Each structure stands twice: as structure tokens, then as C-alpha cells.
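>>> Structure, please.
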Amino acid sequence: MQILSGHLSLVCSLDESGRSHISRQSFCAPFHISKPYQDEHALMVQVVNPTAGLFSGDSLQSEICVEHGARLHISTPSASRIHTMHSGRAELHQSFHVAEAAWLEYNPAALIPQKTGRYRQITRITLAAGAETFFIETLAPGRVARGECFEFSRIDWDLTLTYDHQLIAAERYHLSPSDDSLAALRYPFPSAWYASGYLITERIAPCHNCWEQIRKLNSPDVLLGASRLVKAGWSLRVVARDNLILQKTLSSLRKIFSETIPELRSGSRKL
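The predicted structure follows:
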């Protein structure tokens with residue numbers, strides 16, 4: 001089996017007419033990008049993985065930059081799979097740079113870790129003063145339709161978020177069925193689906209009426225929380241009974257925020 005060492009590099013800029021476009025790009029397998037298209041609110045780009053998923057030894061590098069004033073929405077048309085491994089692990093190192101007055105939405109489909117899969121993800125998000133982002137990632141419990149539920153070996157997560165040269169969020173944790181690291185996640189729902197991310201913007205104040213609407217999204221089937229960061233935004237966490245409920249909640253969350261942030265009215269198409 002061939003080990004992949006893929007890379008993706010994208011730069012989104014404004015052209016002479018003030019429209020967002022991909023000014024520089026470079027990628028190799030397993031990365032591929034769809035043809036970008038402009039909707040009313042942002043430039044839409046789908047990152048496609050045409051291979052079967054990630055296997056032991058695969059190592060990917062991704063760098064996405066949004067320059068001053070540009071608007072970019074990154075999504076994926078299908079889930080990312082971490083395949084069964086007898087040894088080793090797969091890795092993804094990803095970095096995001098958003099300039100002043102620029103906007104990035106990063107909202108890929110779920111990560112699905114299969115039985116005995118091992119995966120490490122390192123994420124660096126760097127925002128200039130006045131930059132904005134809606135950054136959400138989703139973790140599935142496994143191939144639930146096949147009866148797998150939290151049977152992967154280990155997932156390591158390392159994320160740092162800086163705004164105007166100040167560290168405002170950091171995550172360092174691992175998940176493994178061999179210890180108690182999954183206990184809090186599985187307590188409300190044995191086969192929980194999990195989403196985490198950040199909304200960084202100055203357009204929504206702590207007293208904004210959207211927070212009461214978001215509080216009402218909680219139910220016996222989903223738990224949602226938002227915590228104010230030290231600067232410029234909020235961390236967001238969602239735990240749901242299943243994927244359908246999770247996706248419905250994330251759609252409702254985007255809709256509520258989009259009343260103030262038009263960029264969140266952008267939509268993505270399937271290829």
C-alpha cells in the first residue's frame with residue numbers, strides 16, 4: 001500500500017473588481033479542490049479526497065490563507081475516514097491565516113475513525129485584528145451502521161488559535177477507549193456525535209439576542225454550549241445523540257448567526 005504525503009496550499013485574495021478568488025494554489029494527492037464559485041456572500045471551495053481515506057503512515061499538510069477583505073468558505077463533499085490500522089498512525093498538520101477584514105468559514109464533513117484507527121491532528125489558526133472566522137469540525141463515533149462505536153485506538157488533538165498576536169484558545173487532548181478520556185463524551189449519549197469550533201467576530205456582542213435562541217436549541221437529544229473567549233469571540237461545543245440531530249443543530253446555529261453575519265448565508269453544493 002502506497003503511503004501518502006499530500007499537501008494543499010490555497011491563497012484567497014480580492015481581484016481588481018473586489019471579488020474573492022483563489023490567487024495561488026498547489027495540491028497533490030489525496031487533496032483535490034473543486035472549481036471555486038462565487039455566491040452572494042463568499043467564494044465557495046470544496047476540498048475533495050478522492051482516495052479511500054487515510055491509512056497508517058499517511059501524513060498530510062494543509063495551509064489556507066485569506067488575504068485582506070476576501071471571503072472564503074471551505075467545505076468537503078464527504079466524510080474523512082481514518083482506516084483500521086495494526087500499527088502506526090495517520091497525521092494531518094493544518095494551518096489557517098486570516099488577514100484583517102477577511103472572513104473564513106471552515107466547515108468540513110465529519111471525521112470517521114474506524115476500528116483500531118490512530119490519528120493525530122495539529123491545527124494552527126492565526127487571525128489578524130479584525131479578521132473573522134466560523135470554524136467547525138465534527139467527530140463521528142465510528143462506523144455506527146456497522147456496529148462500531150468508539151472502537152478506534154487513539155485520536156490526538158492539538159489546536160491553537162491566536163488573534164492579533166494573542167493566544168485566545170488552546171486545545172490539547174487525546175481520546176481513547178482504553179482509558180476514561182471518552183467518559184464525558186459518552187455520558188449523555190453512548191454513541192455521541194461531537195462538533196467543536198469557534199466563532200471569531202466583533203459583530204455579535206455578549207448581550208446579543210442570538211444567545212437566548214441558541215440556548216433554546218438544547219434538548220434531551222442535543223447539548224450545546226458557547227463560552228466567551230478572552231478576546232473577539234466564542235468557543236462552541238455540540239454533543240448530539242446522532243448525526244442527523246447534530247447536522248440539524250449546526251444548521252440552526254448557522255442560521256441564527258447569519259441574521260447578523262451574512263457570510264453564514266453562503267451554501268455549499270455537492271459534487
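
>>> So, low pLDDT: which residues of the protein?
1-3, 50-52, 268-271 (pLDDT under 70).

>>> any idea which helix is longest in it?
Determined from DSSP state H, the single longest helix within the chain is helix 243-258.

>>> what comes into contact with that one?
Under the criterion Cβ atoms under 8 Å, 6 or more residues apart in numbering, residues 107, 110, 134, 136, 138, 140, 193-195, 199, 204, 210, 213-214, 217, 221-222, 224, 236, 238, 240, 264-265 lie in contact with helix 243-258. Where C-beta positions appear, they are placed from N, C-alpha and C, glycine not excepted.

>>> which of the residues in that helix are buried?
Within helix 243-258, the residues that count as buried by 16 or more other Cβ atoms under 10 Å are N243, I245, L246, Q247, T249, L250, S252, L253, R254, I256, F257, S258.

>>> Can I have the buried ones of the contacts of helix 243-258 as a ChimeraX selection?
Filtering these down to the buried ones (16+ other Cβ under 10 Å) takes a single ChimeraX command:
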select :107,110,134,136,138,140,193,194,195,199,204,210,214,217,221,222,224,236,238,240,264
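
>>> show me where the stretch 151-271 of the chain has strands.
154-163, 166-175, 193-200, 222-228, 233-240 (DSSP state E, counting those that start in this stretch).

>>> In TSV: those strands, plus distance to R81.
As requested, the strands of the stretch 151-271 of the chain are exported to TSV (distance: least, Cβ to Cβ, whole Å):
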stretch	distance to R81
strand 154-163	13
strand 166-175	16
strand 193-200	15
strand 222-228	24
strand 233-240	20
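
>>> Would you agree Q46 is in contact with H73?
No - the pair Q46 / H73 is not scored as a contact, 9.3 Å apart, by Cβ atoms under 8 Å.

>>> out of those two, which sits in the more crowded spot?
H73 (25 against 22; other Cβ atoms under 10 Å).

>>> Give the buried residues for stretch 22-29.
Here stretch 22-29 shows I22, F27 as buried, counting by 16+ other Cβ under 10 Å.

>>> can I assume V239 is in contact with V222?
Yes - using Cβ under 8 Å, V239 is in contact with V222, at 7.1 Å.

>>> any shared contact partners between those two?
What both V239 and V222 touch, as defined by Cβ under 8 Å, 6+ apart, is an empty set.

>>> got the contact list for stretch 138-145?
Outside stretch 138-145, the residues that reach it (Cβ under 8 Å, 6+ apart) are 79, 108-115, 148-152, 155, 191-196, 242-243, 246, 250.

>>> what separates it from the chain centre, distance-wise?
Using Cα atoms, centre = their mean, to the nearest Å, the distance from the centre of stretch 138-145 to the centre of the chain it belongs to is 15 Å.

>>> Can you list the buried residues in it?
Buried residues in stretch 138-145, counted by 16+ other Cβ under 10 Å: T138, L139, A140, P141, G142, R143.

>>> Helix or strand: which one has the first one?
In this case it means T138. Element membership for T138, per DSSP states H and E: strand 132-139.

>>> what angle sits between that strand and strand 154-163?
Interaxial angle of strand 132-139 relative to strand 154-163 (axes from the mean of the first three to the mean of the last three Cα atoms, to 10 degrees): 170 degrees.

>>> any idea how far G53 lies from M85?
11 Å (Cβ to Cβ, to the nearest Å).
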